[in-house]
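Peer 1: The amino acid sequence is not available; the structure is as follows:
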């Protein structure tokens, strides 16, 4: 027992004498440039045909490469080539596929042909699906016995690579039609990509005839099926044919749905027994991008490492005005990617996550409501600033307006809040003035928002200029744009037929119903009370009907609502992606579209149809302005807010620019690991004196025992006679 105590004491003394950071949750990766980050929720799939969430995109966008990408620095966002030699060429043709070259004849356009030219010599990451012996693929026809001892990709001893070709992009487009995958964009793409609907029917018939379920390992070889909307021109060139004119289709070519999948990879993962071992495209992505997913433990840790086969890129050499002064061009022309390894840790709890960031164990952090006051202070002009604590640590704050909108909508089919008469417009305008979203931003968003004057966020192509404001809710006084007074709103209530909020048919205060998915406790309760007060200023009694998400969606679908709150995050940076939410033929009740307010103004709809087919330019911008003027007057929405993203970065991170649209931006990031290690050591130096004191006390306690033990062991013995 005494020996054990002595060993413990010695070990304890050695431990506290070691100058390591005892609380560092990360292993030392030596000279590698490693960045440490978090993920809060587990991705459901990493298959590019299926993944449509930000948590999945943050991983697969570093691995897969669609034809196009967004320029890292330029705003408004601009598409540039990624794996292509240039931007796609676009050709308009009639029903006989004869060219339509005169803009005056665009009404005769039946199809648009996008021709895409790929760079040669782009290789896929090393993978067993490509392993060959001579002309024979080693692992594409595995028997049950051969697969028996294979439980992960590491168990396949050989790997190979493959050159990216047009066939791989064509194969993935066909996969969008596979009923087993339930691609979230199939419904939209079948309206545009020629023959996609017919391919779905063909694949569905095969699946039914062979009794193939979604859980069955079955290789549905897309090479054996034709798709009228894709053509292979040569090894490095292919064409996509869409119906009519849809300029926004180019944006989809920067999304992972159109990334390449070689048939070898599909066949490899479709072999019987692979799914049982969880080896599928859902969890083992294969791409040409700068990174490889080397560790996939979605319940603990995900690790990206450099792809040794990456074809290479350079950091942009041009940016916006001011980017150079911010240090964003100091890496211009340098080879990408700049970081060797990304370690993502599952960390769901906000407070421990924040504390690890402050200790320097996470390189970047968002700003949650729990940590906002510790990190941010709002100056007299309403601008966010770092607190002194953050400044002392050298932490940097970057902000960007999100390409999103959160709004309160009116059901335009409702007999009270809907309709297009001047009285109906006046009621909605009055309510829009009364709901003080400036106050809402301060109370419930910690100042992380800007007022929306229409549905289109700033930095989105087609958005109104900063000086453009909603004249039905705001007025310009001097150089300041201010919300109109409550007196103006009350005058509008009289015009609407509800003086002081009194309903003339009942002689009582007008009652409006507001549907929401929030509960009646905590922050939701505070927001509900705030919303009631806003309406009460006009004499309107607001009845809040909180319900679960499914019931709420059912009410939206069937039009059993008056007011509701919703939001929209851009799929791509174009005004059309927001204006379509107000397009009559997209009405929720009649057509099942995304127009939840069922707004249908014939003039707006006519302008939308014209705008939708125009390329960005002055003519298109004039039409968008006309549409915004109509929508502002009709007020189908209380336009609400555009949220602002806050990102905190430690000083060892090189300056970055928040890109709210692109997801493949990890390749642009860079760090100084030596500076990080130095500052981690400063911030996490162990306080040793309590431990030394404890060690001394243990030594004092052990000293008598050691003395008596020594005397006992050395006590002289009496010889027996």
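Peer 2: Noted; the coordinates are in hand. No experiment lies behind these values; they were computed from the predicted model shown.
Peer 1: All the helices of the stretch 401-550 of the chain, residue numbers only.
Peer 2: Applying DSSP state H, counting those that start in this stretch to the stretch 401-550 of the chain gives helices spanning 422-434, 437-444, 486-496, 522-536, 549-558.
Peer 1: Please identify the buried residues of the longest one?
Peer 2: In other words, helix 522-536. Neighbour-count burial for helix 522-536, counted by 16 or more other CB atoms under 10 Å, picks out 527, 528, 531, 534, 535. For the C-beta atoms, the positions are set from N, CA and C on the backbone; glycine is no exception.
Peer 1: ok, now the first one?
Peer 2: Of the residues in helix 422-434, those with enough neighbours to count as buried (16+ other CB under 10 Å) are 424, 425, 426, 427, 428, 429, 430, 431, 432, 433, 434.
Peer 1: Closest one to residue 665 out of those residues, please.
Peer 2: Distance to residue 665, by CB to CB, is smallest for residue 432 among the buried residues of helix 422-434, at 36.4 Å.
Peer 1: so the closest one touches residue 634, yeah?
Peer 2: No. With contact defined as CB atoms under 8 Å, residue 432 does not reach residue 634; the gap is 11.0 Å.
Peer 1: any shared contact partners between those two?
Peer 2: Common contact partners of residue 432 and residue 634 (CB atoms under 8 Å, 6 or more residues apart in numbering): none.
Peer 1: In the stretch 401-550 of the chain, where is pLDDT below threshold?
Peer 2: For the stretch 401-550 of the chain, the stretches with pLDDT under 70 are 465-467, 520-523.
Peer 1: looking at the helices of the stretch 401-550 of the chain, which is closest to residue 395?
Peer 2: Comparing these by CB to CB, helix 437-444 comes nearest, at 23.2 Å.
Peer 1: Now do the closest one: which elements does it pack against?
Peer 2: Applying 3 or more CB pairs under 8 Å, 6 or more residues apart in numbering; DSSP states H and E, one finds that helix 437-444 makes contact with strand 449-451, helix 522-536, strand 637-649.
Peer 1: try 6 Å
Peer 2: The contact analysis (3 or more CB pairs under 6 Å, 6 or more residues apart in numbering; DSSP states H and E) places helix 437-444 against no helix or strand.
Peer 1: now what about that helix, what contacts it?
Peer 2: 449, 451, 527, 640, 641 (CB atoms under 6 Å, 6 or more residues apart in numbering).
Peer 1: Ends of stretch 478-485, what's the gap?
Peer 2: The first and last residues of stretch 478-485 sit 16 Å apart, counting by CA to CA, to the nearest Å.
Peer 1: from the chain's centre, how far out does it sit?
Peer 2: Centre-to-centre, stretch 478-485 and its host chain are 34 Å apart (CA atoms, centre = their mean, to the nearest Å).
Peer 1: Return the set of buried residues in it.
Peer 2: Buried, per 16+ other CB under 10 Å, within stretch 478-485: 481, 483, 484.
Peer 1: Could you do stretch 307-323 as well?
Peer 2: 307, 310, 311, 315, 316, 319, 323.
Peer 1: For the stretch 251-400 of the chain, which segments are assigned as helices?
Peer 2: So, for the stretch 251-400 of the chain - with DSSP H, counting those that start in this stretch - the helices run 263-269, 350-358, 372-375, 388-392.
Peer 1: Residue 43 is nearest to which of those helices?
Peer 2: Once the helices of the stretch 251-400 of the chain are compared by CB to CB, helix 263-269 is nearest, at 16.8 Å.
Peer 1: can you give me how far that closest one is from the chain middle?
Peer 2: 28 Å.
Peer 1: ok, and what's touching that helix?
Peer 2: Residues contacting helix 263-269 (CB under 6 Å, 6+ apart): 129, 140, 171, 219, 223, 280, 281, 286.
Peer 1: picking that back up, closest one to residue 253 out of the buried residues of helix 422-434, please.
Peer 2: Of these, the one sitting nearest to residue 253 (CB to CB) turns out to be residue 432, at 37.8 Å.
Peer 1: and that closest one, how far is that from residue 314?
Peer 2: From residue 432 over to residue 314 the distance is 48 Å, taken as CB to CB, to the nearest Å.
Peer 1: follow-up on the earlier one: could you dump the buried residues of stretch 478-485 to JSON lines with distance to residue 176?
Peer 2: Formatted as JSON lines, the buried residues of stretch 478-485 follow (distance: CB to CB, whole Å):
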{"residue": "481", "distance to residue 176": "45"}
{"residue": "483", "distance to residue 176": "46"}
{"residue": "484", "distance to residue 176": "48"}
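Peer 1: Using the three-state scheme, assign residue 677.
Peer 2: Classification of residue 677 using DSSP: H, G, I helix; E, B strand; the rest coil returns helix.
Peer 1: what's the answer for residue 698, then?
Peer 2: Relying on three-state DSSP, one would call residue 698 helix.
Peer 1: neighbours of it, just the number please.
Peer 2: 16 (other CB atoms under 10 Å).
Peer 1: Same check on the one 5 residues further on?
Peer 2: Neighbour count for residue 703, taken as other CB under 10 Å: 10.
Peer 1: follow-up on the earlier one: now, among the buried residues of stretch 307-323, which is nearest to residue 670?
Peer 2: For these, the nearest to residue 670 is residue 315 (8.9 Å; CB to CB).
Peer 1: so what pLDDT did the closest one get?
Peer 2: We have a pLDDT of 97 for residue 315.
Peer 1: Repeat that for residue 294.
Peer 2: 95.
Peer 1: what does stretch 671-684 rub up against?
Peer 2: 21, 33, 35, 359, 360, 652, 653.
Peer 1: just stretch 611-627 next, same as before
Peer 2: Contacts for stretch 611-627 (CB under 6 Å, 6+ apart): 245, 247, 461, 462, 575, 576, 604, 607.
Peer 1: export those to a markdown table and tack on neighbour count, distance to residue 400 and secondary structure?
Peer 2: Conversion of those to a markdown table gives the following (neighbours: other CB atoms under 10 Å; distance: CB to CB, whole Å; DSSP: H, G, I helix; E, B strand; the rest coil):
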| residue | neighbour count | distance to residue 400 | secondary structure |
| --- | --- | --- | --- |
| 245 | 19 | 32 | coil |
| 247 | 17 | 25 | coil |
| 461 | 20 | 16 | strand |
| 462 | 22 | 18 | coil |
| 575 | 26 | 18 | coil |
| 576 | 22 | 21 | helix |
| 604 | 22 | 30 | helix |
| 607 | 19 | 30 | helix |
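Peer 1: Redo the residues you listed as CSV? Include distance to residue 590.
Peer 2: Converted to CSV, the contacts of stretch 611-627 look like this (distance: CB to CB, whole Å):
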residue, distance to residue 590
245, 25
247, 26
461, 30
462, 27
575, 24
576, 21
604, 16
607, 20
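Peer 1: which one of these sits closest to residue 540?
Peer 2: Within the contacts of stretch 611-627, the smallest distance to residue 540 is 26.9 Å, found for residue 604 (CB to CB).
Peer 1: who's in contact with that closest one?
Peer 2: So residue 604 contacts 627, 630 (CB under 6 Å, 6+ apart).
Peer 1: Begin at 349, not 1, for the rest of this chat.
Peer 2: That works, and once the first residue is 349, the last one we named lands at residue 952.
Peer 1: Look up the residues forming beta bridges with residue 997.
Peer 2: Note on residue 997: beta-bridge partners residue 712, residue 744, judged by DSSP bridges.
Peer 1: Give me the next element, helix or strand, following the lowest-mean-pLDDT helix or strand in the chain.
Peer 2: Ranked by mean pLDDT, DSSP states H and E, the weakest helix or strand in the chain is helix 350-365, scoring a mean of 48. Where DSSP states H and E defines the elements, the next helix or strand beyond helix 350-365 is strand 382-387.
Peer 1: Would you mind getting the angle between that following strand and helix 698-706?
Peer 2: Orientation of strand 382-387 against helix 698-706 (axes from the mean of the first three to the mean of the last three CA atoms, to 10 degrees) gives an angle of 170 degrees.
Peer 1: contacting residues around strand 382-387?
Peer 2: Counting by CB under 6 Å, 6+ apart, 374, 687, 689-695, 701, 710-711, 1019 sit against strand 382-387.
Peer 1: Just checking: what are the partner strands of it?
Peer 2: strand 689-694 (parallel).
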